[in-house]
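S.K.: fold the following and give me the result.
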Amino acid sequence: MRLLEGTAEVDDVDAFVSLLDEIATSTGATIQAFDARYVVSERHLERAVELADRAIERGDSIARDRAVEILLYAAGRRQITDALELGVSPGENRVVILVDGGDESAAAEAVGNRALNDAEAVLGDYDPERVREYFGISEAELGVVDGDLETLVLERAALLVVEK
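M.R.: Alright, predicted model coming up:
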């Protein structure tokens, strides 16, 4: 798994997603773009990939597409429309783009050249309030884990398996 970080100017979300799909198809890679404001760590996305792959292997996946399944686990949501909040939106986006499988090197290079405006470190520079609100994390829960938001986000992803 490779993660590309930076900013992307998205004039048209469908066109941006089509570009990533084109790169994915030509390289055999799975590619998913995330709004960096919601991604708490690299482990957040690693765990989403692990859980999505396990669901696919067991025939328990929610989505037909691996990239969408990864998005669902990263979001801790069963509904694709709800999970899309973690994706890109029109305008300038701070993004983390996941590339996994296939020819990762070629896919990462193409994404970097064609989808990112500027490469810069954005992973871990999330918005704690936005994350807490999206994942429904209370002050009480944060207190139990000594304020470790990542632990609770990873728990939400894992709970998606139970909620099926």
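
S.K.: for the longest helix seen in the chain, packing partners?
M.R.: Longest helix in the chain, counting residues (DSSP state H): helix 42-58. For helix 42-58, the elements it packs on are helix 66-75, strand 91-100, helix 149-163, judged by 3 or more CB pairs under 8 Å, 6 or more residues apart in numbering; DSSP states H and E. In short, each C-beta sits where N, CA and C put it, glycine included.

S.K.: can you point out the buried residues in the last one?
M.R.: Within helix 149-163, the residues that qualify as buried by neighbour count (16 or more other CB atoms under 10 Å) are 149-150, 152-154, 156-157, 160.

S.K.: can you check the second one too?
M.R.: Using 16+ other CB under 10 Å as the test for burial, strand 91-100 gives 93-100.

S.K.: phi, psi for the residue nearest to Arg37 when sequence neighbours are not counted please.
M.R.: Leaving aside its chain neighbours, Arg37 sits nearest to Asp127 (4.4 Å; criterion: CB to CB, 6 or more residues apart in numbering). Torsion angles at Asp127 (phi, psi; degrees, to the nearest 10) stand at phi -100, psi 100.

S.K.: Val39 is in contact with Asp127, correct?
M.R.: No: between Asp127 and Val39 there is no contact, the gap being 10.3 Å when judged by CB atoms under 8 Å.

S.K.: of those two, who's got more company?
M.R.: Val39 (26 against 14; other CB atoms under 10 Å).

S.K.: so what's the closest residue to the more buried one other than its chain neighbours bridging to?
M.R.: The shortest distance from Val39 to any non-neighbouring residue, by CB to CB, 6+ apart, is to Val96 (5.0 Å). For Val96, the beta-bridge partners under DSSP bridges are Glu5, Phe34.

S.K.: what's the span of stretch 117-125, first residue to last?
M.R.: Criterion CA to CA, to the nearest Å; first-to-last residue distance in stretch 117-125 is 18 Å.
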